[in-house]
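**Q** Quick one, what's the 3D model for this:
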Amino acid sequence: MTPPNQVTSGGLLRLLADTFVLLFKTRHLSWRVNRDVASGVRAIVHQDHRDLDDAVDKIARRIIDLGRDLAPSYSALIRSSSVEQELEIRSEMDMIEQVIADHEKILADIDTLSAALPLGDDAETAGLLEHLADCHSNCRDSLAGLLRAPDQSIQ
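**A** Below you'll find the predicted structure:
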């Protein structure tokens, strides 16, 4: 039987990989957002990648606290990601739509982890998952607001 810490850290490792891939996508998006675009768009995209950067650190620290080693390289880490890497250049609008879909996928994974992991005696991991769900929900909602805002020109 697998020890609870190993099961929990395994779930968090995949969440780390997914969040790391999404972090790169949001950074790439922030680099692509044109300087002529409304400053509100840039601010939302920058806040998204700052929040994800913070989330990556929190997940990694929790995995280490649970006694598990992290992958020694980015390529080794992302092999376990269920969030797909971009292999082609997309328009900013398409990129935003993809990032929103990725946030939704990770939110579903967080729900699955919360239900499946033995968190009864692990308030720290339960709190982390709750924080991550809030982070991904806020990022998704902010980006979705960009798509609904008629006065925001993204392209």
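
**Q** secondary structure class for Arg68?
**A** coil (DSSP: H, G, I helix; E, B strand; the rest coil).

**Q** Skip the chain neighbours and tell me the closest residue to it.
**A** The shortest distance from Arg68 to any residue other than its chain neighbours is 3.8 Å, reached at Ser9 (C-beta to C-beta, 6 or more residues apart in numbering). Heads up, the C-betas are built off the backbone N, CA and C, glycines and all.

**Q** For that neighbour, identify the helix or strand it belongs to.
**A** Taking DSSP states H and E as the definition, one finds Ser9 inside helix 4-32.

**Q** If we go by neighbour counts, what in the next helix or strand after that helix is buried?
**A** Of the helices and strands lying after helix 4-32 in sequence (DSSP H and E), the nearest is helix 39-65. The neighbour-count check on helix 39-65 (16 or more other C-beta atoms under 10 Å) flags 41, 44-45, 48-49, 51-52, 55-56, 58-60, 62-63 as buried.

**Q** what ranges of this structure fall below the confidence cut-off?
**A** When residues are selected by pLDDT under 70, those of the chain lie in 1-3, 34-39, 149-155.

**Q** Spatially central residue for it, please.
**A** For the chain, the residue nearest the mean C-alpha position is Thr19 (3.2 Å; C-alpha atoms, centre = their mean).

**Q** before we move on, the earlier item: closest to Ser137 among the buried residues of helix 39-65?
**A** Taking C-beta to C-beta as the measure, Ser137 lies nearest Asp51 of these, at 10.8 Å.

**Q** my guess is that closest one contacts Ser137, does it?
**A** No: using C-beta atoms under 8 Å, Asp51 is not in contact with Ser137, being 10.8 Å away.

**Q** Report the contact partners of Arg42.
**A** 30, 33 (C-beta atoms under 8 Å, 6 or more residues apart in numbering).

**Q** now Asp53
**A** Contacts for Asp53 (C-beta under 8 Å, 6+ apart) come out as Leu23.
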